[in-house]
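S.K.: Need coordinates for the below:
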Amino acid sequence: MPMMPTNKADPLLIDLIFDTPEWAKSKLSARKRVRDVLDLTWSMVPNRPKGIEPELTVTLTNDKSIKVLNRDYREKDKPTNVLSFPMWENMAEIPNGAGSIPLGDIIIAFETIQREAIEQEKTLADHFTHMLIHGFLHLLGYDHMNEADANAMESLEIKILKKLSISNPYV
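M.R.: Predicted structure coming up:
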């Protein structure tokens with residue numbers, strides 16, 4: 001069952017799937033963190049469509065599962081931290097006033113983000129938060145394929161993370 005919005009100003013409909021027990025063992029409070037982080041991210045996205053109730057699925061999985069997806073959809077035969085599968089090319093395609101509308105899926109791999117957090121000397125919670133924001137922005141058409149797009153995406157990520165008292169992950 002999707003996690004329902006907590007109030008009228010909070011239109012996100014999130015279906016959260018725990019695909020592996022590592023997430024529960026991590027004590028991340030992932031259910032609350034996903035809701036809070038995505039609500040904040042949505043509220044800070046400039047020029048977002050109006051009059052819609054965005055729907056998305058967040059799957060918290062492991063390296064084995066994400067490796068298959070990465071291989072099948074990106075032709076990279078290795079695990080990765082986060083994958084996003086957007087329903088729209090960019091936000092401009094999302095019709096205003098469309099009501100409930102799917103944005104896509106975010107998949108995050110536990111072992112990879114845990115390893116990266118250790119390597120980058122970050123807390124698991126902070127790195128998970130960053131990957132969640134990063135994945136959500138991809139659903140909205142943000143990308144990092146060229147320098148200008150990467151700068152726009154990273155700037156917004158940094159701004160959102162700052163609101164959460166999380167330091168710039170790109171320094």
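
S.K.: For burial, what's the neighbour tally of Ser167?
M.R.: When neighbours are counted by other C-beta atoms under 10 Å, Ser167 registers 11. Bear in mind the C-beta positions are built from the backbone N, C-alpha and C, glycine included.

S.K.: Can you tell me the closest non-neighbouring residue to it?
M.R.: Of all residues not flanking Ser167 in the chain, Leu161 sits nearest, at 7.3 Å (C-beta to C-beta, 6 or more residues apart in numbering).

S.K.: now the helix or strand hosting Glu53, how far from the chain's geometric center?
M.R.: For Glu53, the enclosing helix or strand under DSSP states H and E is strand 52-61. Centroid separation for strand 52-61 versus its chain: 9 Å, with C-alpha atoms, centre = their mean, to the nearest Å.

S.K.: so after it, what's the next helix or strand?
M.R.: In N-to-C order, the element after strand 52-61 by DSSP H and E is helix 63-74.

S.K.: Report the secondary structure state of the closest residue to Asp126 other than its chain neighbours.
M.R.: Counting by C-beta to C-beta, 6+ apart, Ile166 is the residue found nearest to Asp126 once chain neighbours are left out, at 4.9 Å. Of the three states, Ile166 takes coil under DSSP: H, G, I helix; E, B strand; the rest coil.
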